[in-house]
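J.: Sequence first, then the predicted structure:
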Amino acid sequence: MKIFKHSTSRAARAGLGVLLALSLAGCRDFLSTQPQGQLTSASFFQTADQAVQATNATYSMLRDWSVHVFAWIGMTDIVSDDATKGSIPGDASFLGDLDNLSFDPGNIAFSTTWPGYYQGIYRANVAIQNIPSANMDATLKARLIGENKFLRAYFYFFLVRAYGGVPLITQPLLPSQYTQKRAPRDSVYAQIERDLNDAIAVLPLKSEYSAADVGRATKGAAQALLAKVELFEGKYQQALTNAQAVINSGQYALDPDYATIFTQAGENSPESVFEVGSVALEQGGGATQWAQVQGVRGIPNIGWGFNDPSPDLEASYEPGDPRLQATILYPWEMLPDGSGRIVYQNPNMTNNRYNQKAFTSPDTPLGSGNSGVDIRLIRYADVLLVGAEAAYRTGDQGTATSYLNQVRERARGGRTMTLGITPEMLSDSIAAEVGLPSVGSRVFIRYVNPSTDGYANGLRGMITEVDDNNTPPVRVDTMDVIQTVDGTAVTTPQDYFAAVETKSAGSTVVLGITRVMQAADGSVALQPMTVSVTAMKLLPDVTATGDALLTAILHERRHELAMEQHRWFDIIRQGRADSLMTAAGKSWNPRDTIFPIPSGEIELAGLSQNPGY
């Protein structure tokens, strides 16, 4: 959606009633149009251009702070076992309350998302009601209405999962109608299904859009969203049918390189089913702060450091899974922009890990708040996993296994073997700091198959310190640099992977290591050593059946989609949140399966509160 760069109002951040008290005159802001006298829907919706502008205004809510930024990551990732609040301990305590499941109806996250998503619904309602009267091509008219219905369904899908039954508003309301009761959850889901089926009937395939319209809602996006909606409703056969409509459409494919998906080169790729477009315009106005709030906090200073991948998530990956390195950005790792700059450990943060999928470059014009990072809302891999789970639950384990293993095959990245190691390229600056020779290997190990003491097979991770002035780096306590694999010299991770690929599962592989140990006075000792490691298959195809197959599918969802804001609603739907939260050390309460209605809405609109609050 690189083309939709309309200014976004922050009115939704105010504590408004359920209907936001938005009069028709509010269209002036939504349409980013200078009013000539008193602008109304009757005087605005005259031409095709105006209908497109109104639709673009609905899309622009996807970049808004109240929809896809601070509160949203709190209610999807931070609240789950995949992430911690991050940042420094006292910052944004309302996210800390989500992290430790101590939230209440007064939490800022709820008073942010509730009006934000309803503002998106309002814009869609205005467009859906008024576009039919515009003098324009009938096919374009139907498409724009379909796009707005898709977006309205998306907004309601978040609300119904977050809050349960909510006021169901499908047209702009008169002031006398501003007070609305909550509709039953089933009624909200039924409206979502109607909107998506209407959208499917009129939206073009992805390949049928012109280059200027790349990023708009497509037939495949509506089918994919409907499949996920039906999975949440337990309508497994319908979910499988719609997922397979996307899979069999020929419009989508898995990107061969997992890490590339989340870079600028991966935007609107064949794997993209629907994403929020963002662009770092020199003058601003086309970006979102989604990446900024999750960016590196410290050196380089490109973000606020929230929504950090949890140790629980890190430890849950299978040995050698390449997706781990593509998901978690660690201290002392080089930035994934090819600049050679490194992430320094921030001693003020409690969890020095960052969401690499939200990475934005320090060179972004106007700073990281003007980030041009797209938010991937629906990927083809997600559709395959929805199809896998739906197929399993309908008794088709063969199809379930096929879809699951397609995702795993891509994750392997063309490799078949692993030593359980996640190798990284050490920066020249760190190598010089610890006294490594100017030539030779720069492949270091952060960990190998973490065990109860944090390490396994004799290989240690890199431990660091900083001085009182937070000047890094001061000392690397212990770091292992790989020199050889069974005598074959390696200088880059690619050399290492190529050498490992020649091994067979179960064979013993001898690694030549230089162990770097730096004392407090800065002196460095380099200790040559060898370590024996057992080779194993990398992410082997799943052959399990029955309950073990379902477990594998759910396991795959976690690692394929980690830190992409799916986890919380997934584990609630799966009925596993209580056990998983308890295992993560959080105090679980049965009421936590649904968030409370914001206290301001209870007071202003007289809505009933969810049980337990």
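T.: Received, thanks.
J.: can you give me the helices in the stretch 201-350 of the chain?
T.: 219-233, 236-247, 311-316, 322-327 (DSSP state H, counting those that start in this stretch).
J.: what ranges of the stretch 201-350 of the chain fall below the confidence cut-off?
T.: Of all residues in the stretch 201-350 of the chain, none has pLDDT under 70.
J.: can you put the helices of the stretch 201-350 of the chain in TSV and add mean neighbour count and distance to residue 135?
T.: (Glycine included, C-beta is placed from N, CA and C.) Converted to TSV, these look like this (neighbours: other CB atoms under 10 Å; distance: least, CB to CB, whole Å):
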stretch	mean neighbour count	distance to residue 135
helix 219-233	25	26
helix 236-247	22	34
helix 311-316	17	53
helix 322-327	22	49
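J.: Can you lay out those as a markdown table showing distance to residue 134?
T.: Formatted as a markdown table, these follow (distance: least, CB to CB, whole Å):
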| stretch | distance to residue 134 |
| --- | --- |
| helix 219-233 | 22 |
| helix 236-247 | 30 |
| helix 311-316 | 48 |
| helix 322-327 | 45 |
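J.: Just the element for the closest residue to residue 595 other than its chain neighbours, please.
T.: Among residues not flanking residue 595 along the chain, residue 162 sits closest, at 5.1 Å (CB to CB, 6 or more residues apart in numbering). Using DSSP states H and E, residue 162 sits in helix 138-163.
J.: what angle do that helix and helix 219-233 make?
T.: 30 degrees (axes from the mean of the first three to the mean of the last three CA atoms, to 10 degrees).
J.: helices and strands around helix 138-163, which ones?
T.: When contacts are defined as 3 or more CB pairs under 8 Å, 6 or more residues apart in numbering; DSSP states H and E, helix 138-163 packs onto helix 48-60, helix 108-130, helix 185-202, helix 219-233.
J.: average model confidence for that helix?
T.: For helix 138-163, mean pLDDT is 98.
J.: Now distance to residue 295 too, for the helices and strands packed on helix 138-163, in a markdown table please.
T.: As requested, the helices and strands packed on helix 138-163 are arranged in a markdown table below (distance: least, CB to CB, whole Å):
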| stretch | distance to residue 295 |
| --- | --- |
| helix 48-60 | 22 |
| helix 108-130 | 20 |
| helix 185-202 | 33 |
| helix 219-233 | 28 |
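J.: what about these, which gets the closest to residue 149?
T.: The minimum distance between residue 149 and the helices and strands packed on helix 138-163 falls on helix 185-202, with 4.1 Å, by CB to CB.
J.: which outside residues touch that closest one?
T.: Here helix 185-202 makes contact (CB atoms under 8 Å, 6 or more residues apart in numbering) with 142-143, 145-147, 149-150, 152-153, 156-157, 159-160, 164-166, 168, 170, 217, 219, 222-223, 225-226, 229-230, 232-233.
J.: Dump stretch 404-419 to CSV, keeping only the CA atoms.
T.: Taking C-alpha atoms only, stretch 404-419 is exported to CSV below (Å, rounded to 0.1, in the frame of the first residue of the first chain):
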residue,chain,number,x,y,z
LEU,A,404,3.0,-28.1,7.4
ASN,A,405,6.0,-29.6,5.7
GLN,A,406,5.9,-26.9,2.9
VAL,A,407,6.5,-24.3,5.6
ARG,A,408,9.3,-26.3,7.2
GLU,A,409,11.0,-26.9,3.9
ARG,A,410,11.2,-23.2,3.2
ALA,A,411,12.4,-22.5,6.7
ARG,A,412,15.4,-24.8,6.1
GLY,A,413,16.6,-22.4,3.4
GLY,A,414,17.9,-25.2,1.1
ARG,A,415,19.9,-26.9,3.9
THR,A,416,19.3,-30.3,5.5
MET,A,417,21.8,-30.6,8.3
THR,A,418,22.7,-28.8,11.5
LEU,A,419,25.0,-29.0,14.5
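J.: Check the offset of that stretch from the chain's centre.
T.: 21 Å (CA atoms, centre = their mean, to the nearest Å).
J.: Give me the neighbour count for residue 306.
T.: Residue 306: 26 surrounding residues under other CB atoms under 10 Å.
J.: so how far is residue 397 from it?
T.: 40 Å (CB to CB, to the nearest Å).
J.: one step back: quick one: which of the helices and strands packed on helix 138-163 is nearest residue 371?
T.: Judging those by CB to CB, what sits closest to residue 371 is helix 48-60, at 15.7 Å.
J.: Okay, buried residues for the closest one please.
T.: 50, 51, 52, 53, 54, 55, 56, 57, 58, 59, 60 (16 or more other CB atoms under 10 Å).
J.: Of the residues you listed, which is the nearest to residue 593?
T.: Set against residue 593, the nearest of the buried residues of helix 48-60 by CB to CB is residue 58 (30.1 Å).
J.: ok, the closest one touching residue 121?
T.: No - in this structure, residue 58 is not within contact of residue 121 by CB atoms under 8 Å, at 9.1 Å.
J.: show me what contacts residue 161?
T.: Counting by CB under 8 Å, 6+ apart, residue 161 has contacts 232, 569, 572.
J.: Is it possible to get a markdown table of those that adds distance to residue 296?
T.: Shown next, in a markdown table, are these (distance: CB to CB, whole Å):
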| residue | distance to residue 296 |
| --- | --- |
| 232 | 34 |
| 569 | 27 |
| 572 | 30 |
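J.: So which of these is the closest to residue 258?
T.: Nearest member of the contacts of residue 161 to residue 258, counting by CB to CB, is residue 569, at 22.6 Å.
J.: Give me the secondary structure label for the closest one.
T.: Secondary structure, DSSP: H, G, I helix; E, B strand; the rest coil: residue 569 is helix.
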